[in-house]
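In: Fold the stuff below for me.
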Amino acid sequence: MQGTILVGTASQGILRSVDDGATWHRLGLKEAIEFDGVVRSLAVHPTNPSHILAGADAGLCLSTDGGAHFSLIDSPMNGMAVWSIAIDPLDPSYIYAGTGAPSRAVMFRSIDGGKKWGRLSPEIPEFCRGVNRPRVLTICVDPVDGAKVWFGVEEGGAWRSFDHGATWKRIDEDSTISNPDIHAIAILPPGGKKQPGVAFVLTVNSVFTSTDDGKAWSGVPSKSRFDGMYYTRTVQPLPGSDVLMLAIGDGTPGTRSKLYRSVDRGTTWSPALLHAAPNSTFWAFGVHAADPALLFAGTKYGDLFRSVDGGASWSKEWRAFPEITAVAWTPFGAPVQAHPQSIN
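Out: You can find the predicted model right below:
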């Protein structure tokens, strides 16, 4: 492939490859993200593939050269752990970011492409039952109507806005979504033959779907249909198709994990072919519209897998990583240079 693969980790910042995974390089010195820092989220700009946002323990950071270098965006998130980022694909001037443990869980928004940021209205408790300090794990902008924005909190429920984040309503407390531990939210746009859009809300142990714009939800416990595994990590629509990928395991970090694929908009799921056993639960996907057949998936304990057939089959990359927290790839080739090697 031509481009740059980026792997966010919980102990070595971002590792990048510009030669299709043959070699990998950490960020250098004097970067906004420390080479041994924590990175929780990555987002490639939808119209400018050289621009990449990274949520780190230092705050929100920006690369304008495909991930070769990162600078800190001066914002209220300075010094906070940024767990999730979403850029409106229809109007990239709207960008959303969510923070969390060890920082306070807060939602932020920019309406000018990331130059200025403001705190949004939802008040998330400082502490919760399951993970002590909540974290905004997922943000999703509707691909058809950018005014519709969603976010989910571990643990703190699923929230929705109809006005670009100006006002919010929590949706799990008065619906059939039975668990406030939200791991992922995704929207599949309407398809052919008058197929409605599908909203997916993943709790820690179930997949909930809605085909009427969130008015009614149906859910199935994951353990009952995914080979006895309950830990429902994340879901990823493939650009321009009805295909989705789902990552699931038997816990966190987990000892058994699978990737499931749906070709019928989430109605049914089949296990993808894994050519190697993952070492822990699959944690994050990396996809890009430039090549929807090329996907990456990282596990909690640092296995990186690749698919070149739209998620039907997966092979493990040669390199072992630290704890993987986020994966992305961009068709832009970053000017990454190897650091001088130590001489004994």
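
In: any chance you could map the strands in the stretch 1-150 of the chain?
Out: In the stretch 1-150 of the chain, strands defined by DSSP state E, counting those that start in this stretch lie at 4-9, 14-17, 25-26, 39-44, 52-56, 59-63, 71-72, 81-87, 95-100, 107-110, 118-119, 135-141, 149-154, listed in chain order.

In: Using JSON lines, lay out these together with mean neighbour count, distance to Ala293 and mean pLDDT.
Out: Any C-beta I mention is one placed from the backbone N, CA and C, and that applies to glycine too. Output for the strands of the stretch 1-150 of the chain, formatted as JSON lines (neighbours: other C-beta atoms under 10 Å; distance: least, C-beta to C-beta, whole Å; pLDDT from 0 to 100):
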{"stretch": "strand 4-9", "mean neighbour count": "26", "distance to Ala293": "15", "mean pLDDT": "98"}
{"stretch": "strand 14-17", "mean neighbour count": "24", "distance to Ala293": "19", "mean pLDDT": "97"}
{"stretch": "strand 25-26", "mean neighbour count": "18", "distance to Ala293": "26", "mean pLDDT": "94"}
{"stretch": "strand 39-44", "mean neighbour count": "26", "distance to Ala293": "17", "mean pLDDT": "98"}
{"stretch": "strand 52-56", "mean neighbour count": "27", "distance to Ala293": "21", "mean pLDDT": "98"}
{"stretch": "strand 59-63", "mean neighbour count": "24", "distance to Ala293": "25", "mean pLDDT": "98"}
{"stretch": "strand 71-72", "mean neighbour count": "14", "distance to Ala293": "33", "mean pLDDT": "98"}
{"stretch": "strand 81-87", "mean neighbour count": "25", "distance to Ala293": "23", "mean pLDDT": "98"}
{"stretch": "strand 95-100", "mean neighbour count": "28", "distance to Ala293": "28", "mean pLDDT": "98"}
{"stretch": "strand 107-110", "mean neighbour count": "22", "distance to Ala293": "32", "mean pLDDT": "98"}
{"stretch": "strand 118-119", "mean neighbour count": "12", "distance to Ala293": "39", "mean pLDDT": "97"}
{"stretch": "strand 135-141", "mean neighbour count": "26", "distance to Ala293": "23", "mean pLDDT": "98"}
{"stretch": "strand 149-154", "mean neighbour count": "28", "distance to Ala293": "27", "mean pLDDT": "97"}
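
In: A helix includes Ala289, no?
Out: No. The assignment for Ala289, made by DSSP: H, G, I helix; E, B strand; the rest coil, is coil rather than a helix.

In: Please name the nearest non-neighbouring residue to it.
Out: Using C-beta to C-beta, 6 or more residues apart in numbering and skipping residues adjacent in sequence, the residue nearest Ala289 is Pro239, 3.9 Å away.

In: circling back: closest to Leu259 out of the strands of the stretch 1-150 of the chain?
Out: For these, proximity to Leu259 was assessed by C-beta to C-beta; strand 4-9 is nearest, at 17.1 Å.

In: chain center to the closest one, what's the gap?
Out: Distance of strand 4-9 from the chain centroid (C-alpha atoms, centre = their mean, to the nearest Å) equals 12 Å.

In: Show me what it is packed against.
Out: strand 14-17, strand 39-44, strand 282-286, strand 324-330 (3 or more C-beta pairs under 8 Å, 6 or more residues apart in numbering; DSSP states H and E).

In: Note down every partner strand of the last one and its orientation.
Out: Here strand 324-330 has these sheet partners by DSSP bridges: strand 4-9 (antiparallel).

In: same question, the shortest one
Out: Under the criterion DSSP bridges, strand 14-17 sits next to strand 4-9 (antiparallel), strand 25-26 (antiparallel) in its sheet.

In: Surely Pro189 touches Gly197?
Out: Yes. Using C-beta atoms under 8 Å, Pro189 is in contact with Gly197, at 5.3 Å.

In: and the two? which has more neighbours close in?
Out: Gly197 (19 against 15; other C-beta atoms under 10 Å).

In: can you pull the contacts of the nearest residue to that one once chain neighbours are set aside?
Out: Distance criterion C-beta to C-beta, 6+ apart; nearest residue to Gly197, sequence neighbours excluded, is Pro190 at 4.7 Å. Applying C-beta atoms under 8 Å, 6 or more residues apart in numbering, one finds that Pro190 lies in contact with Val144, Pro196, Gly197.

In: rewinding a little: anything in contact with each of Pro189 and Gly197?
Out: Shared contacts of Pro189 and Gly197, counting by C-beta under 8 Å, 6+ apart, come down to Val144.

In: and Gly21, what does it touch?
Out: Ile5, Leu304, Arg306, Glu317, Trp318, Arg319.

In: Find me the pLDDT at it, would you?
Out: Gly21 is assigned 96 on the pLDDT scale.

In: circling back to that earlier point, let's have the strands of the stretch 1-150 of the chain in TSV, adding distance to Arg233.
Out: TSV is the format used below for the strands of the stretch 1-150 of the chain (distance: least, C-beta to C-beta, whole Å):
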stretch	distance to Arg233
strand 4-9	15
strand 14-17	21
strand 25-26	25
strand 39-44	14
strand 52-56	18
strand 59-63	23
strand 71-72	29
strand 81-87	14
strand 95-100	16
strand 107-110	21
strand 118-119	28
strand 135-141	10
strand 149-154	11
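
In: which one of these lies closest to Ala338?
Out: Smallest distance to Ala338 across the strands of the stretch 1-150 of the chain (C-beta to C-beta): 5.8 Å, for strand 25-26.

In: contacts for that closest one?
Out: Contacts for strand 25-26 (C-beta under 8 Å, 6+ apart): Gln12, Gly13, Ile14, Leu15, Arg16, Ser17, Phe35, Val336, Gln337, Ala338, His339.
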